[in-house]
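>>> Need the 3D shape of this:
(2 chains, ligands or ions: 2)
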Amino acid sequence: MLEIKNLSMTYPDGTEALKDVSFTVEDGEFLVVIGLSGSGKSTLLRCINRLLDPTSGTILWNGTDATSLGHNQLRPLRREIGMIFQHFNLVKRSSVLTNVLAGRLGYASPLSTLAGQFSAADRKKAAEALERVGLAPQARKRADELSGGQQQRVGIARALMQDPKMILADEPVASLDPVLAHNILGYLEDLNTESGITVLCSLHYLDLVQRYATRVIGLRDGHLVYEGNREDIRSMTDAQFKDIYGQNAERIATGSITGGAPS
Amino acid sequence: MIIPAPITALASFILPGLGQCLNGKFRRGATLFFSFSTALGLFLWRVATTAHREILWSGRFAKTFQLEGGFLIVVGLGLIAVWLLGIWDAWKLAHLNKEGKRQGSPWLFVLVLTLFFSIGWQISEIDLRKLGSEASEAWVPLSKVLWPWEASYDAVTNTTEASTTILADPNGTPPEIVPAQEGQPSITVFPRKGVLSSLDENNDVVPGTLVTVRGKGFFPEEEVQLWWADAMGNEFRPRYESQYVTTLTDSAGAFQVKFAMPYRLIPPSATGPHIHTVMARQIQDTGEIVASEPLKLTINLIIETIFMGMMATFFGIILAIPVSFLAAKNLMSGSRLGISIYYITRTILNIIRSIEPLIWALIAVVWVGLGPFAGIVALTIHSVAALGKLYSEAIEGIDPGPIEAIQATGATKLQTIVYAVIPQMIPPFVSFTIYRWDINVRMSTVIGMVGGGGIGFLLMQYIRLLDYKAAGIAVWFIAVTVSILDYVSARIRERFN
Ligand SMILES: Nc1ncnc2c1ncn2[C@@H]1O[C@H](COP(=O)(O)OP(=O)(O)O)[C@@H](O)[C@H]1O
Ligand SMILES: [Mg+2]
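Ligands and ions are numbered 1, 2, ... in the order given. This is a model prediction of the structure:
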């Protein structure tokens, strides 16, 4: 269980990206974060695994306060939380396999991994992860030879290597076309329902939100402005959606992206 | 406000460009003014330096007309044409303004460009006729350079020699005869003393004593050359009746030849008995060939050149890596001190880079003396600057995305560097470095010309000695080395894309 309490984050340049945000994520939820570009979604997700240090507030991850951990104590926290990104964030010139294996770095012995060595068990795990996202034949290819959808699947396989209890997904489908978006979110849904991995995902399209989310929170200017369960979202009208998103929000079916360019 | 055409024309008559400015075309006016005054300045400078003895301008123009009539007329007329066209242009602009049109004609600037082009042509002494008229002279050295391989080897010869002594004094006692060894060729001379040829008061040769040289034990039916060494041991081939003294051996390997003792200027200081040596030599081609001196030198120096380039690149890398961190904006932009170090480093790198390696070599030669080390110093300095800039750009180009992704897996700092930073750095580093090596080898082929070691030095020497074949060998080796390196470096860089 993840409990966020009174979380605030101010960037060194003075931008207040999160203002007193509190919410709870139960185990097994598929929680979607919506909000305009610049509303603080990325900042929120990055505070949870401490890629960013929040200014104040607490993040309780299964009882541990993540905000109190020193930089050397982050390893156990981070390896339980997988993360996938809008721009996939693969090491482009490394092979697909190396990218996936890198997901295991939080568990593997630091010394041998520096020489590129992974245990046989880790290699087997990587092969299984690639199998699971349907990319086993691509293992030896360079990451940047793959299409966008395939790269995001590599990103999922990398997260799977962590045996995550939760996956943070920062607009995982924003740079993919609608068909691929369903493909990728389908993988996340499988992980969520079959493997019981909690998913915390920011999304841009109302119909994707309605299709996948079990619960939704909405951010505007760093404030938490909306919380709703599955039924609330299903019955949500475009007007309500626009209330959170601003006036140029659209459904994916019309082809355009809501709330301006994702970031 | 629209100014009447005659006034703008008059303004341009007084000062080129002024009329255009009055018409509101300030950039056009300024361009015209600056190009006209630059051209005029160049023109007057040329006139003043050509006729530097004259004090009055009239005299200077007259003298320049004598010496460089073409320049004076072409550029002088060009200046007048630009000036006149400037006046006409101002007039025209005023009319266009009145009609509300904005666009002036481009002809003025075509003329200005033509003027500068003709100044350039005159100053750089372009003479296209020479391309044709001197071509025949270029062909001889060029053909040697293009196909120099006859100079790349020497035939191996086998010399068979026998010698004896003779006294160049009709009154002394001839030296003792050293008996010939059994089975070795030997020669005898008769008589064993005599007078050398000499010159009379008309510089005509007075022949010396006729001597007969007999030899045996030589290779049969082959040429024998007679050689002579004076009392001081200076060897030369004597001539008799204006031919070198040679003969053929008979089927038993014996020969006999008769000639007058040669002319030799004996320095008055020479004392003691004038014992000269007569030698008979058979020089046989063994059919073998060996690498000639130029070829060996070229190979040695091309190796030196490649390694000079390599060492310079090596030192360049080592010094450039720390420098590149200081010159990477993303690393240095944290603090005010950092950003000022960044700007200072960048500026220094730019200055160093803008000075050619050849000029650094001139400095290095003074600093560490002639030789390859000077070349390495020069190339290293230039490489540090060039690589430092390229590396720092590679660092600036690192994508932070993979770094945060690896961090998010729980990787340690070191793991993050190994898995996210280094894979991004290696390809540009390798490709810049290989490219630099390629450039450094190429540069070290010319750096020798100013004394920085490497093959350029040899090439320069051969060209000065007019030994075009030897120069050709060096040129071939340079060309082949550079193209191989070019190919290899291109392939390596391709792999690291
Ligand atoms: N590194 C940063 N430094 C300063 N301000 C930032 C930085 N990253 C994001 N911000 C600002 O913080 C706010 C929230 O950004 P972000 O979390 O990226 O929003 P979202 O992901 O919802 O588009 C925005 O105003 C953005 O400009
Ligand atoms: Mg974002």
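>>> mind checking pLDDT for whichever residue of the stretch 151-263 of chain A sits closest to chain B?
Closest residue of the stretch 151-263 of chain A to chain B, CB to the nearest CB: A:Gln162 (5.9 Å). To be clear about C-beta, it is placed using only N, CA and C from the backbone, and glycine gets the same treatment. A:Gln162 carries a pLDDT value of 96.
>>> and what of A:Arg251?
55.
>>> do the same with the one 4 residues further on
Per-residue confidence (pLDDT) for A:Gly255: 40.
>>> And for A:Gly260?
A:Gly260 is given a pLDDT of 39.
>>> try the one 3 residues further on
Model confidence at A:Ser263, given as pLDDT, is 43.
>>> Could you count how many residues lie near the residue in the stretch 201-350 of chain B positioned nearest to ligand 2?
Using CB to the ion, the closest approach of the stretch 201-350 of chain B to ligand 2 is made by B:Asn330 at 20.3 Å. B:Asn330 has 13 neighbours, counted by other CB atoms under 10 Å in any protein chain shown.
>>> The helix or strand containing it - contacts with which helices or strands?
Assigned by DSSP states H and E, B:Asn330 belongs to helix B:329-332. Here helix B:329-332 touches helix B:293-326, helix B:336-354, helix B:372-396, going by 3 or more CB pairs under 8 Å, 6 or more residues apart in numbering or on different chains; DSSP states H and E.
>>> Only alpha carbons, please: show that helix as CSV.
C-alpha atoms of helix B:329-332 as CSV (Å, rounded to 0.1, in the frame of the first residue of the first chain):
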residue,chain,number,x,y,z
LYS,B,329,27.7,23.1,-20.2
ASN,B,330,25.4,20.6,-18.5
LEU,B,331,28.1,19.7,-16.0
MET,B,332,29.3,23.2,-15.3
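>>> Just list the residues touching the residue of the stretch 201-350 of chain B closest to ligand 2, thanks.
B:395-396, B:398 (CB atoms under 8 Å, 6 or more residues apart in numbering or on different chains).
>>> just B:Val257 next, same as before
B:Val257 sits in contact with B:212-213, B:224, B:226, B:245-247, where contact means CB under 8 Å, 6+ apart.
>>> now, which of those sits nearest B:Leu42?
Distance to B:Leu42 across the contacts of B:Val257 (CB to CB) is lowest for B:Thr246, with 67.8 Å.
>>> how many neighbours does the closest one have?
Neighbourhood size, B:Thr246 [other CB under 10 Å]: 15.
>>> And for B:Ala479?
Other residues lying near B:Ala479 total 11 when counted by other CB under 10 Å.
>>> pLDDT value on it, please?
Listed pLDDT for B:Ala479 reads 93.
>>> cool, and B:Thr271?
B:Thr271 is assigned a pLDDT of 69 by the prediction.
>>> now the one 10 residues further on
Per-residue confidence for B:Arg281 comes out at a pLDDT of 93.
>>> likewise B:Glu54?
82.
>>> what does the one 3 residues further on give?
At B:Trp57 the predicted local confidence, pLDDT, stands at 86.
>>> quick one on the thing from earlier: just put the helices and strands packed on helix B:329-332 in JSON lines and tack on mean pLDDT and distance to A:Gly155.
Shown next, in JSON lines, are the helices and strands packed on helix B:329-332 (pLDDT from 0 to 100; distance: least, CB to CB, whole Å):
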{"stretch": "helix B:293-326", "mean pLDDT": "93", "distance to A:Gly155": "30"}
{"stretch": "helix B:336-354", "mean pLDDT": "93", "distance to A:Gly155": "33"}
{"stretch": "helix B:372-396", "mean pLDDT": "93", "distance to A:Gly155": "25"}
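>>> Minimum distance to A:Arg104: which of these has it?
Taking CB to CB, helix B:372-396 is the member of those nearest to A:Arg104, at 27.5 Å.
>>> Give the buried residues for that closest one.
By neighbour count on 16 or more other CB atoms under 10 Å in any protein chain shown, the buried set for helix B:372-396 is B:372-392, B:394-395.
>>> The longest strand seen in chain B pairs with which strands, parallel or anti?
Taking DSSP state E as the criterion, chain B has its longest strand at strand B:275-291. Using DSSP bridges, the strands paired with strand B:275-291 are strand B:153-167 (antiparallel), strand B:223-229 (antiparallel).
>>> Good, wrapping up.
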